[in-house]
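> okay, here's the prediction I keep looking at, along with the sequence it came from:
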Amino acid sequence: MRDAHAPVQKEGAKRRKKRRRGRTAAEARTDAPAHAAPDHLNTSETVTSPKGKKAANRRGRRRWQASKNSRNGRSPKPETESTHTVTDAMRLNGQSTQLLKDDNKGLDTREARYPPSSAGARDANTRSGPGRRFRNNASRSPLYAALDLGTNNCRLLIARPEERGFRVVDAYSRIVRLGEGVGSNKRLSPAAMDRAIDALANCHRKLADRGVLRSRLIATEACRAAENGTSFIERVRSETGLALEVVNRETEARLAVAGCASLVDHDADGVILFDIGGGSSEIVWLDLRNRCGARGYALTKFIRSWISLPVGVVNLAERHGGVHVTPDIFEAMVDDAADHLAAFSLADTLSEAIASGRVHMLGTSGTVTTLAGVHLGLRRYDRRKVDGTWLEDDDVSKMIDQLRDMPYEARVENPCIGADRADLVLAGCAILEAIRRRWSCSRLRVADRGLREGILTELMAADGVWANRSHRKRQDRRRWKD
C-alpha cells in the first residue's frame, strides 16, 4: 500500500533543499559594493526568487529608516514633545490658523486643550499635500515664545510654526498674584515679587531647554502701576536672565484682539471685545461694517475705539472684599467699574451700532470662562468645551446671579472656580455686569485665549510665516499653468 503522505514529504524535501542552496549562496556572497545598504538592511530570510528579494529589501529599508529616525530624534508618529490637539481654525491673513495647548497635569486646568470649533478644522497629522510636507519639516523650523506676566498670573507658551498656524510644544501657567496690595500701597510686595521670580525662573528654564530663538516677554498692569515696577524688572533680568517689556494699555488691547480674532462671527457688523484682567480691564470696539471679508489677524485694523479701565479682579476685590459678597457689596463693585466707562470715546456711537443689530460680545478672561464652565455644568473644567461657546444674554444673567448667591465655600468646591479664584470671580462678574448694563448685546462668545496667542500671531506674521506659504502656492499654480 502506497504511503498517502509520500507526495507531501517529497515536496517538503524539495523546499528544504532549495533553502539550503539559498543559504549557501548568501554565505558565499562577499563582493558587496562599498555603498551597499547598512548591514541591518540584509535580512536572514531565505530569498528564493527576484520577487522575494525585492520584498526582503523593502522590509530592510523600512527597518533601517525607522532606526535612522530614532537616532535623529524623529518619529513617524505625531510629535511626542507635547500632548496637544488641534485648536480652532483661526483665520490669519486669509489662512486658517490652528493653535494647540498643553494639558500637562502641572498646568492650570484652564490650559487644557483647544477643540476644533468649526467643521472644517482638521488634525494636522492627517493632512496631505503641501501641508504634510510642511509638517515633516517642522522639527527644523524655529520656536517662538510668548510670556505674559499679569497682575494675577504668569503664563508662557512656546510654539512652532505650521502650515496653517502654529503648534504649542510647551506651556506654563502659575497664579502668582503679583499685583497683590498694589491698589492700596502702590508698590509690589516682597512676597509677591518672590512668587513671580520663582515662576519666571521656571519659564527661563523652559525657554533655554527648548532653544527658543524668537520671543516676546511682556508685563502688564501690576508693573505699570507699581512705583517699584522698574526696579522689579531689573531684578527679574539679573536673577532670571529674562528681559520683560512693560507694555502700554493700547498694546495690551491690540494683542487681545489678535489672540481672539478667530472667534469673531463672520457675519457680525461689530464686536465688543473685553479682557477682564487682574489689575485692569480692556474694552475694544471692532467696527466691521466695512471689513470686506477680512478675518483673523486682519481684524486688528478695524479697531474703532478702545478703553482700559484701571480696575481688575484683584484690585476690585481688595477694595470691596471678595470672600463674603452680599448683594449690596456686589452692586458697589458694579458701580465702581461703571464709573470708569464714562470715559469711553464714541460710547453713544457704539450704542447706535448695537441697536442696528449684528453686534456681539467676545470675552477673554477667567471670569467668562468660569461662567461658561458653570453654565455647561462641567464636573471638571474642560477647555475644549468652553473655548468658543456662545452664551445668550439671559444665560449670562442667570450665571452671574448663581455665582453671586453661592457662598465662598461652595465657590471653592466648584471645579470650574477652585480656591485660587473663589475670592476673585465675583469681582470679575461685577466688571462684566457693568459692561453689559452700558452696552447690551444678545450674545456673548467665550474665548479661553488671549495675549499670548496674540503675541505669537504677531511674531509669526511679522516673519512672514504664512505669507511665504501663500507666495509658494501662487508660484506652484503658475508653474502648473505653464
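Structure received. Residues are numbered from 1 along each chain as shown.
> helix, strand or coil for residue 306?
strand (DSSP: H, G, I helix; E, B strand; the rest coil).
> residues contacting it?
Contact analysis of residue 306 by CB atoms under 8 Å, 6 or more residues apart in numbering lists 250, 253, 282-285. (Glycine included, C-beta is placed from N, CA and C.)
> is it bridged to anything, and to what?
Beta bridges link residue 306 to residue 284 when assigned by DSSP bridges.
> before we move on, what about residue 390?
With DSSP bridges as the rule, residue 390 is bridged to residue 445.
> hang on, it packs against residue 441?
No: taking contacts as CB atoms under 8 Å, residue 390 lies outside contact range of residue 441: 11.5 Å.
> the more surrounded of these two?
residue 441 (18 against 13; other CB atoms under 10 Å).
> which element is the closest residue to the more buried one other than its chain neighbours on?
Nearest residue to residue 441, sequence neighbours excluded (CB to CB, 6 or more residues apart in numbering): residue 361, at 4.8 Å. Per DSSP states H and E: residue 361 is located in strand 359-364.
> helices and strands around that strand, which ones?
Contact partners of strand 359-364 among helices and strands, from 3 or more CB pairs under 8 Å, 6 or more residues apart in numbering; DSSP states H and E: helix 249-260, strand 270-276, helix 425-438, strand 443-447.
> quick one: the last one to strand 359-364, angle?
I take that to be strand 443-447. 30 degrees (axes from the mean of the first three to the mean of the last three CA atoms, to 10 degrees).
> how about the longest one?
With the same axes, to 10 degrees as the basis, helix 425-438 and strand 359-364 are set at 160 degrees to each other.
> show me what helix 425-438 is packed up against.
Using 3+ CB pairs under 8 Å, 6+ apart, helix 425-438 sits against strand 270-276, helix 313-320, helix 327-341, strand 359-364, helix 366-376, helix 393-404.
> residue 195 is nearest to which of those?
helix 313-320 (13.3 Å; CB to CB).
> centre of the chain to that closest one, how far?
28 Å (CA atoms, centre = their mean, to the nearest Å).
> got a list of contacts for it?
With contacts defined as CB under 8 Å, 6+ apart, helix 313-320 is touched by 151-152, 177, 179-184, 276-279, 322, 329, 332-333, 336-337, 366-367, 423-428, 430-431.
> pull out the buried residues from these.
Among the contacts of helix 313-320, the ones that count as buried by 16 or more other CB atoms under 10 Å are 151-152, 177, 179-183, 276-279, 322, 329, 332-333, 336-337, 366-367, 423-428, 430-431.
> give me the distance between residue 67 and residue 57.
16 Å (CB to CB, to the nearest Å).
> could you do residue 253 as well?
Residue 253 is 62 Å from residue 57, by CB to CB.
> then residue 379?
55 Å.
> higher neighbour count, the two?
Between residue 379 and residue 57, residue 57 has the larger neighbour count (other CB under 10 Å), namely 15 against 9.
> that one in helix, strand or coil?
helix.
> distance check, it against residue 454.
52 Å.
> flag the shaky bits of the chain, pLDDT-wise.
For the chain, the stretches with pLDDT under 70 are 1-51, 68-140, 468-482.
> quick check: can you list the domain ranges of it?
89-249, 256-454 (automatic domain parsing).
> between the ones you listed, which one is closest to residue 466.
Nearest of the domains of the chain (CB to CB): domain 89-249, 4.8 Å.
> need the helices for the stretch 151-300 of the chain, in chain order.
182-185, 190-210, 221-225, 229-240, 249-260 (DSSP state H, counting those that start in this stretch).
> the shortest one packs against which elements?
Which is helix 182-185. So helix 182-185, by 3+ CB pairs under 8 Å, 6+ apart, packs with helix 313-320.
> export stretch 317-334 as PDB, just CAs?
Extracted as PDB, the C-alpha positions of stretch 317-334 are listed here (Å, rounded to 0.1, in the frame of the first residue of the first chain):
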ATOM      1  CA  ALA A 317     -11.800  92.500  45.300                       C
ATOM      2  CA  GLU A 318      -9.200  94.200  47.600                       C
ATOM      3  CA  ARG A 319     -11.300  97.400  47.700                       C
ATOM      4  CA  HIS A 320     -14.700  95.700  48.300                       C
ATOM      5  CA  GLY A 321     -13.900  92.200  49.500                       C
ATOM      6  CA  GLY A 322     -14.200  89.000  47.600                       C
ATOM      7  CA  VAL A 323     -14.800  86.300  50.100                       C
ATOM      8  CA  HIS A 324     -18.200  87.100  51.600                       C
ATOM      9  CA  VAL A 325     -20.000  89.200  49.000                       C
ATOM     10  CA  THR A 326     -23.500  90.500  49.800                       C
ATOM     11  CA  PRO A 327     -25.800  91.900  47.100                       C
ATOM     12  CA  ASP A 328     -25.000  95.400  48.300                       C
ATOM     13  CA  ILE A 329     -21.300  94.800  48.000                       C
ATOM     14  CA  PHE A 330     -21.700  93.300  44.600                       C
ATOM     15  CA  GLU A 331     -23.700  96.400  43.400                       C
ATOM     16  CA  ALA A 332     -20.900  98.600  44.900                       C
ATOM     17  CA  MET A 333     -18.400  96.800  42.800                       C
ATOM     18  CA  VAL A 334     -20.600  97.200  39.700                       C
END
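> now it: buried residues?
In terms of neighbour count (16+ other CB under 10 Å), stretch 317-334 has its buried residues at 317-318, 320-322, 325, 329-330, 332-334.
> cool, stretch 243-257 as well?
Buried-residue list, stretch 243-257, by 16+ other CB under 10 Å: 244, 246-247, 249, 252-257.
> likewise for stretch 197-209?
197, 199-200, 203-204, 206-207.
> how about the residues you listed in CSV, adding distance to residue 414?
Shown next, in CSV, are these (distance: CB to CB, whole Å):
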residue, distance to residue 414
197, 31
199, 25
200, 30
203, 29
204, 34
206, 30
207, 34
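> of those residues, closest to residue 234?
Nearest member of those to residue 234, counting by CB to CB, is residue 197, at 11.9 Å.
> verify the stated contact: that closest one with residue 241.
No: applying CB under 8 Å, one finds residue 197 not in contact with residue 241, separated by 11.6 Å.
> and residue 148, what element?
Residue 148 belongs to strand 144-149, assigned by DSSP H and E.
> do residue 351 as well
Counting by DSSP H and E, residue 351 is part of helix 347-355.
> that older thread, could you redo the helices and strands packed on strand 359-364 as CSV and give each row distance to residue 165?
Rendered in CSV, the data for the helices and strands packed on strand 359-364 read as follows (distance: least, CB to CB, whole Å):
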stretch, distance to residue 165
helix 249-260, 12
strand 270-276, 20
helix 425-438, 29
strand 443-447, 16
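> and the helices and strands packed on helix 425-438: which comes nearest residue 435?
strand 270-276 (5.8 Å).
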